[in-house]
Each structure stands twice: as C-alpha cells, then as structure tokens.
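**Q** Predicted structure and sequence below. I'll ask about it afterward.
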Amino acid sequence: MRQKGMMKMLALGLVLMSTPIASLAGRVEQQQAYQACAADVSGCTELYLGSASLTGTVPTEIALLTSLTRMAVDDNQLTGSLPTELALMPGLADMSVCDNAGLCGDVPAGVNLYSFYGYCAAGPTSGTLLGSPCQSPSPPPTAIPSPPPSPPPPALRMSTPLMATPTTGEHPLRDNWFRKRDLARQKAFPQYYSWLRKQAKKRAARNIGN
C-alpha cells in the first residue's frame, strides 16, 4: 500500500517537472497537478503547488479532493481567506500556506497548518495575514459632476426709446417730469447719450451743408 502511494506521488512529481514554469502561473484550479488530482480523487493524497506564482484565492472546490492528506500552496501570491470547506476534508492532516502576503482571515477549524517538506521555517502562517480580518477593497472615488454653465444674462430691453422727450410748455408739470426722466436716463446711460449727441451734431452739419 505504501509503495502504491509512493508511485502516485512520483507520477504527480513527473507531471510538475514536465510542466513549463511559465504555465504554472495563474490560479490554483488551472494547474496540471490540481487537475490530475481532480481526475483521480480517490488516489490523490498529496498536492504540492508551492512557488508556482499562483494568484487569486484558494478555491472552495479544492474540498472535493477528499483523499488529500497533505497540501502545499506556500510561496505564492494568493489572496483572500481560506475556504471554510477545508474543514470538511476528513483526511487533510497538514496544509502549508506560508509566504502568501494576501492571505487573511481565520484558519478554518480542524485545519492543521504546518511546514511542508521543511518550508515555512519561520512558522506556519509566516508571510501571511492569517489571523487578521480581511480588508474589503475601497470603492473607487465617485466623480463629482461639473455644475452646468450659467445662462447668459438677459439682454437689456427698453420699453421706450432713450431719446429726450420734447416739451411744449403747455403742461409744465408733465414737462418737468419728462425733464427729470431724461436727466436720470442720461446719468444711467452716459455713453449712449454721448453717442446720440454726436449723431445729432453730424446731422446738423449735413443739413447746414445742404
């Protein structure tokens, strides 16, 4: 029985040795060693995926490998918490997860973290954040919309022309009111009245010439 187990481990080792290093990068479930175990659940007892440049999280589906007794995913870039489904693996005696700076949260009950093949000499959770709560990612900053442009000021409209009102002398009160209104307009619009006076002088000069 022991010889049979050694032969299976040797076969898994050959799979890893024949896999190019570049193809190891990626998620746990994309690795050939993991897929080989998934294809032979009852016969796969050890899974080693250390130093494989793995990213992402430890998948919950790994709990389907119910015959595993040892598993190592140390020295990668795994993030998130360990799935609680690991506690449902009755044969999993040891698991190595050190040197994954993004791993955080609690270790599932019943999971024994250890140093697989002498790794993790500084401790089973060294190089991780296990035991500390996982921080939820900060939401992206909300863009503040720019206020709509202010409408242009309304054009100035006059209900009556700014011309001086001629007086007749027959109605002194009315004539006095018109004079006060014209003086007020001249003070309010000096440039316009200056332009009117210039135009009047030009017309007078043309009339004299004719």
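**A** Received the coordinates, thanks. Residues are numbered from 1 along each chain as shown.

**Q** can we go C-alpha only for contacts and neighbour counts from here?
**A** OK.

**Q** Just the mean pLDDT for the helix or strand hosting residue 176, thanks.
**A** Per DSSP states H and E, residue 176 falls inside helix 172-188. Mean per-residue pLDDT for helix 172-188: 76.

**Q** Report the buried residues of it.
**A** Neighbour-count burial for helix 172-188, counted by 16 or more other CA atoms under 10 Å, picks out 175, 178, 179, 182, 185, 186.

**Q** pull the CA atoms of that helix into PDB?
**A** Written as PDB, here are the backbone C-alpha positions of helix 172-188 (Å, rounded to 0.1, in the frame of the first residue of the first chain):
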ATOM      1  CA  PRO A 172     -45.500 122.400 -17.100                       C
ATOM      2  CA  LEU A 173     -46.000 119.500 -14.600                       C
ATOM      3  CA  ARG A 174     -45.700 116.900 -17.400                       C
ATOM      4  CA  ASP A 175     -42.800 118.700 -19.000                       C
ATOM      5  CA  ASN A 176     -41.000 118.800 -15.600                       C
ATOM      6  CA  TRP A 177     -41.500 115.000 -15.200                       C
ATOM      7  CA  PHE A 178     -40.100 114.400 -18.700                       C
ATOM      8  CA  ARG A 179     -37.000 116.500 -18.000                       C
ATOM      9  CA  LYS A 180     -36.300 114.600 -14.700                       C
ATOM     10  CA  ARG A 181     -36.700 111.300 -16.500                       C
ATOM     11  CA  ASP A 182     -34.400 112.400 -19.300                       C
ATOM     12  CA  LEU A 183     -31.800 113.500 -16.800                       C
ATOM     13  CA  ALA A 184     -32.000 110.200 -15.000                       C
ATOM     14  CA  ARG A 185     -31.500 108.300 -18.300                       C
ATOM     15  CA  GLN A 186     -28.500 110.400 -19.200                       C
ATOM     16  CA  LYS A 187     -26.900 109.600 -15.900                       C
ATOM     17  CA  ALA A 188     -27.700 105.900 -16.300                       C
END
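
**Q** Quick check: what element follows that helix along the chain?
**A** Following helix 172-188 in sequence, per DSSP H and E, is helix 190-209.

**Q** Mind listing what's buried along that next one?
**A** residue 193.

**Q** okay, the angle between that helix and helix 172-188?
**A** On the basis of axes from the mean of the first three to the mean of the last three CA atoms, to 10 degrees, helix 190-209 is oriented at 110 degrees to helix 172-188.

**Q** doesn't residue 83 make contact with residue 58?
**A** Yes - at 6.9 Å, residue 58 counts as touching residue 83 under the criterion of CA atoms under 8 Å.

**Q** Could you report the pLDDT at residue 51?
**A** The model's pLDDT for residue 51 equals 91.

**Q** tell me, how many neighbours does it end up with?
**A** 16 (other CA atoms under 10 Å).

**Q** which residues does it contact?
**A** Residue 51 makes contact with 73, 74, 75, 76, according to CA atoms under 8 Å, 6 or more residues apart in numbering.

**Q** Go through the residues you listed and give me the one with the most neighbours.
**A** Most surrounded of the contacts of residue 51: other CA under 10 Å gives residue 74, at 29 neighbours.

**Q** Now do that residue against residue 124, distance only.
**A** Counting by CA to CA, to the nearest Å, the gap from residue 74 to residue 124 is 9 Å.
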